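Q: Build me a model from this:
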Amino acid sequence: MSRIDETRPFIPVSIAIMTVSDTRTAANDTSGDTLATRISTAGHHLADRTILRDDADLIETQLRSWIANPAIDVVITTGGTGVTGRDVTPEAFDRVLDKHIEGFGELFRMLSYRKIGTSTIQSRAIGGVAGGTYLFALPGSTGAVRDGWDDILLFQLDSRHRPCNLVELMPRLQEHLTTASP
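A: This next block holds a predicted model:
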């Protein structure tokens, strides 16, 4: 069973938030606000925040900028993960990811199923790693953001979480770049 080991130090990470929406603004971005509050409450640093319209090229450009920034450890997006023609966040992620974290989307949909039933099949929540940065795409609803953070990311981004967590792997995400070949 998972748990927080209080004997281990908490290591805050720097997280950037991207809201993907054709209609949200800074005044009505409740999902982004919810995520930002939870990040700060957990003791992490909000490194950056933006709102972009549903455009794969714009999303990709911003993701690449954050991935290249050594001050950003994690990117979390909200919105654009559905199945309509305008929902392109997973496609933008696919353009930049080095590795997928399949379990993130699988676990998100499992947890979501308990609350919204079969409607969860409409979510294409995705996680992965790019250039040593973790990336997670959540649906745009405030409830989905709460579920993704409270039930998954809060724990996996806590260095004290046992038996394992994503933070302890951060120093090793790009070890393939420094490993000398024979």
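
Q: ok, longest helix in this protein?
A: Secondary structure of the chain per DSSP state H: the longest helix is helix 102-116.

Q: for this structure, which spans come out with low pLDDT?
A: 1, 179-182 (pLDDT under 70).

Q: which residue ranges form the strands in it?
A: 3-4, 14-20, 45-52, 74-78, 99-100, 126-130, 133-138, 161-162 (DSSP state E).

Q: Let me have those in TSV, extended by distance to Trp149 and mean neighbour count.
A: (Each C-beta comes from the backbone N, C-alpha and C, glycine too.) Output for those, formatted as TSV (distance: least, CB to CB, whole Å; neighbours: other CB atoms under 10 Å):
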stretch	distance to Trp149	mean neighbour count
strand 3-4	15	12
strand 14-20	10	25
strand 45-52	13	17
strand 74-78	8	27
strand 99-100	20	12
strand 126-130	13	22
strand 133-138	8	27
strand 161-162	14	16
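
Q: Surely Ile17 and Ile51 touch.
A: No. Look at Ile17 against Ile51 with CB atoms under 8 Å: they stay out of range, at 9.3 Å.

Q: Overlap in contacts, those two.
A: Gly32 (CB atoms under 8 Å, 6 or more residues apart in numbering).

Q: one step back: tell me what angle the longest helix of the chain forms with strand 133-138.
A: 20 degrees (axes from the mean of the first three to the mean of the last three CA atoms, to 10 degrees).

Q: Dead centre of the protein: give me the residue that sits there.
A: Phe136 (2.4 Å; CA atoms, centre = their mean).

Q: Check which residues of stretch 20-34 are buried.
A: The neighbour-count check on stretch 20-34 (16 or more other CB atoms under 10 Å) flags 20-21, 24, 29, 31-34 as buried.

Q: Residues in a beta bridge with Thr50, which ones?
A: Judged by DSSP bridges, the bridge partners of Thr50 are Met18.

Q: Does it touch Arg24 like I think?
A: No. Assessed by CB under 8 Å, Thr50 is found out of contact with Arg24, at 11.1 Å.

Q: nearest residue to Glu91 other than its sequence neighbours?
A: Ala56 (5.1 Å; CB to CB, 6 or more residues apart in numbering).

Q: where's the residue nearest to the centre of the chain relative to Met110, distance?
A: 16 Å (CB to CB, to the nearest Å).

Q: returning to that earlier point: for the residue nearest to the centre of the chain, give me its contacts.
A: With the criterion set at CB under 8 Å, 6+ apart, Phe136 makes contact with 74-77, 104, 125-127, 148, 153.

Q: same question, Gly79
A: Contacts of Gly79 by CB under 8 Å, 6+ apart are 19-21, 24, 31, 54, 89, 138-140.

Q: between these, which is closest to Ala42?
A: Comparing the contacts of Gly79 against Ala42 with CB to CB places Leu138 closest, at 15.5 Å.
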